[in-house]
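K.L.:
Sequence unavailable; structure follows:
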């Protein structure tokens, strides 16, 4: 076999791989399209005010792990306490903060030490004190530092109610977010966990912890992430949820039946991808117990998070996400292609191994092969150009399709300028951004092999308010 | 050449499809804007006719011969309007719905193969249908689609007749937890019209389904209906169902009749702690000062939640209760003292907030 033939064969193989990935993504998209349409159709009858007035909806404990959140924690808690829901409590877990987080909470909400017993159903670092408010449904657990998962476990143990909603301290929830995320559980007792749609907050306007107007960010980096989130959440997770093999419930906003979360063993403290790990473990536990269950996803705009605005922060985030993916897939490798785990084992796990874990590696190899072919003159320039156009076109298709679905069914962005901006981001995403993220993800495999357990610092710039002159 | 043509085909195909999707997205935005404008025009034509009917009570002839798309819009407008109307004007609009053929269309749509159409029809009939539709709607409580069952339950509660209540109460005993809760919710919305069906369910001692009875007790408590007291008092005696005893105890507290204090005092000595918790809560709601000694005893209960509820109940019993709490703060052991102190503090905060308001 000559080097030219080998290069040509490799090029065909890579193109075939891209075609296969995109074909699968389009199948997932088609399923999501039907599901989102059904959801929107049903939403006309949802009657959220009726749900809000209900005395029969199961109460929810909102668990918020907080580490050094002193500047924002009071506003976040106030916003969580004012969520529209018939009965909910907020459980803040101060995870050994070294700043004034606990002091701010105690003084702002007039907290007093409580002797309320903690059931300790999930192990966590030692709890120092428990504080409660005499007038508000607010509980604060002050504990030694043990990481996000450890804090979540302490919060879930202390939660009073049968449903627990685990969220990040720095997200903004829409007022009816709890009502919407609880709805799948109110409609079916088989649902044990629900993931909510997380949107990128950059560019949108917020006041007092509430969304005022959704808008696309002007910056290219944040704009591309808006499209990326749409593709990941609306076009993909909806389909996995339909097939009952959703492997990720975003750590930013997820709802669980407390008893099932505890039964699965709570959050794993030795991984940086605790959100994917817990969803996968719940699948595993419930499948092994032979129970009928569902893990659902709500394709509704409910939680807003700030996306990284610089390449360095984004690189750290993607590195962590990919390490989390590898850790989960490696920990639950016996589920891969194992019919005992149904669609999770036979569909989702192989997809994640082949296309999410190794996809970036193949992509980078493809670019290297093309580069080598051009340099050695083994590949015709026209072939290389056509290959690049094909990969860009194929890569852009799921992204523009995600924007199309958003526009057709969800209509979050009212300005036409925002729509055009998102379409442009969807098209240019494949010219540089995609390659960079693939590179970071390949690098993450190295970090994983070096047993890097670092979370990485996530610098944030804060949400925009109407008066804010700086628009990112 | 073969490779080049393959690549060109792939690139041309993907680029074309991506471009088509972009164009489709823009077209969707334009079409939506046009549709909204058209809808506004049709709405502006129908609304004055509806308002005229409000005053005259006569259905304009043109509303009896509407096109299909206008019929759907008229249904929507009628439902919106009925949410705001009472009395004669409401009757005028309900009659208009029948005259314009909306009721007949919706009854037919209940058999539609499209579940959203069935749900829409059920929703509409809940607003402008009559008692005669309770039976046909009740049959849809077994619809395979959850959303249809939910809408039908809501519509039956709006119709509010005995037949509607009976259909809902039967489903309280559904093996599905969600269905049971939904029925309870709608029975509560019906108010006193649902009491007879609920009491019948609660009195059926031989009934297999315990959850249905627990829900019935809960709804009766929330409705605060004195007629339900005998059935609830009898339910407290059922040793084999702790949940029912706890719920019936709380329900009696919510109704708040002083004659129910003796059975509640018995419940406060129940072997199951959830019943004792609800007994403390119930006694706090009734507010009879003669129960202070017993509540004070409950402050020493081995279960944390019972102590907490007893403290809160004493804080609601006026001076006698507050004095008892103050005595306990001075005299008792640490665990009990803290509950008493916490209840006193909660009371003080509530008074301070009340004063500020």
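P.N.:
Thanks, I have it. Only a predicted model underlies this, so the values are computations on that prediction, with no experimental measurement involved. Numbers count the residues shown, from 1 in each chain, chains lettered A, B, ... in the order given.
K.L.:
Show me where the stretch 101-250 of chain B dips below the pLDDT cut-off.
P.N.:
For the stretch 101-250 of chain B, the stretches with pLDDT under 70 are B:205-209.
K.L.:
Get me the contact residues on it for chain A.
P.N.:
Along the stretch 101-250 of chain B, the residues adjacent to chain A under the rule CB under 8 Å from any CB of the partner chain are B:116, B:119-120, B:123, B:146-147, B:150-151, B:154, B:176-178, B:181-182, B:184-185, B:188, B:222. All C-beta atoms are positioned from the backbone trio N, CA, C, and that covers glycine.
K.L.:
Provide a PyMOL selection command restricted to the buried entries of the residues you listed.
P.N.:
The following PyMOL selection, which keeps only the buried ones among those, applies the criterion 16 or more other CB atoms under 10 Å in any protein chain shown:
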select buried, chain B and resi 116+119+120+123+146+147+150+151+154+178+181+182+184+185+188+222
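K.L.:
Inside helices: which ones of the residues of the stretch 101-250 of chain B next to chain A?
P.N.:
Restricting those to those inside helices, with DSSP state H as the criterion, leaves B:116, B:119-120, B:123, B:146-147, B:150-151, B:154, B:177-178, B:181-182, B:184-185, B:188, B:222.
K.L.:
secondary structure element for the closest residue to chain B within the stretch 301-450 of chain A?
P.N.:
Distances from the stretch 301-450 of chain A to chain B, computed as CB to the nearest CB, single out residue A:393 as the nearest residue at 2.9 Å. Taking DSSP states H and E as the criterion, residue A:393 maps to helix A:381-405.
K.L.:
now do residue B:261
P.N.:
In this structure, residue B:261 is located in helix B:261-267 according to DSSP H and E.
K.L.:
residue ranges with poor pLDDT in the stretch 1-150 of chain A?
P.N.:
Across the stretch 1-150 of chain A, the stretches falling below the confidence threshold (pLDDT under 70) are A:1, A:46-49, A:51, A:116-117.
K.L.:
any idea of the pLDDT on residue A:325?
P.N.:
The model reports residue A:325 with a pLDDT of 96.
K.L.:
for residue B:11, that is, sorry about that
P.N.:
You'll see residue B:11 listed with a pLDDT of 76.
K.L.:
What values do phi and psi take at the residue nearest to residue A:114 when sequence neighbours are not counted?
P.N.:
By the measure of CB to CB, 6 or more residues apart in numbering or on different chains, the closest residue to residue A:114 outside its immediate chain neighbours is residue A:132, 3.8 Å from it. According to degrees, to the nearest 10, the main-chain angles of residue A:132 amount to phi -140, psi 160.
K.L.:
now do residue B:270
P.N.:
According to degrees, to the nearest 10, the main-chain angles of residue B:270 amount to phi -60, psi 150.
K.L.:
Could you tell me the model confidence score at it?
P.N.:
Residue B:270 carries a pLDDT score of 94 in this model.
K.L.:
Number of residues surrounding it?
P.N.:
The local packing count at residue B:270 equals 19, with neighbours defined by other CB atoms under 10 Å in any protein chain shown.
K.L.:
ok now do the closest residue to it other than its chain neighbours, which residues does it touch?
P.N.:
Leaving aside its chain neighbours, residue B:270 sits nearest to residue B:276 (5.6 Å; criterion: CB to CB, 6+ apart). By CB atoms under 8 Å, 6 or more residues apart in numbering or on different chains, the contact list for residue B:276 reads B:267, B:268, B:269, B:270, B:298, B:301, B:303, B:306.
K.L.:
Not counting residues beside it along the chain, what's closest to the third one?
P.N.:
Computed as CB to CB, 6+ apart, the closest residue to residue B:269 that is not its neighbour in sequence is residue B:276, at 7.6 Å.
K.L.:
centre of the chain versus the helix or strand hosting the one you found, how much separation?
P.N.:
Using DSSP H and E, the element containing residue B:276 is helix B:273-286. Distance, stretch centre to chain centre, for helix B:273-286: 24 Å (CA atoms, centre = their mean, to the nearest Å).
K.L.:
which of the residues in that helix are buried?
P.N.:
In helix B:273-286, counting by 16+ other CB under 10 Å, buried: B:273-286.
K.L.:
before we move on, what about stretch B:129-149?
P.N.:
Of the residues in stretch B:129-149, those scored as buried under the neighbour-count criterion (16+ other CB under 10 Å) are B:129, B:133, B:134, B:137, B:138, B:140, B:141, B:143, B:146, B:147, B:148, B:149.
K.L.:
contacts for it?
P.N.:
Looking at stretch B:129-149 with CB under 8 Å, 6+ apart, the contacting residues turn out to be A:42, A:45, A:187-188, B:94, B:103, B:106-107, B:110, B:115-116, B:118-119, B:122, B:125-126, B:152-153, B:155-156, B:159, B:161, B:163-164, B:167-168, B:171, B:178-179, B:182.
K.L.:
rerun at 6 Å
P.N.:
Contacts with stretch B:129-149, where a contact means CB atoms under 6 Å, 6 or more residues apart in numbering or on different chains, come from A:42, A:45, A:187, B:115, B:118-119, B:125, B:152, B:155-156, B:159, B:161, B:163-164, B:167, B:171.
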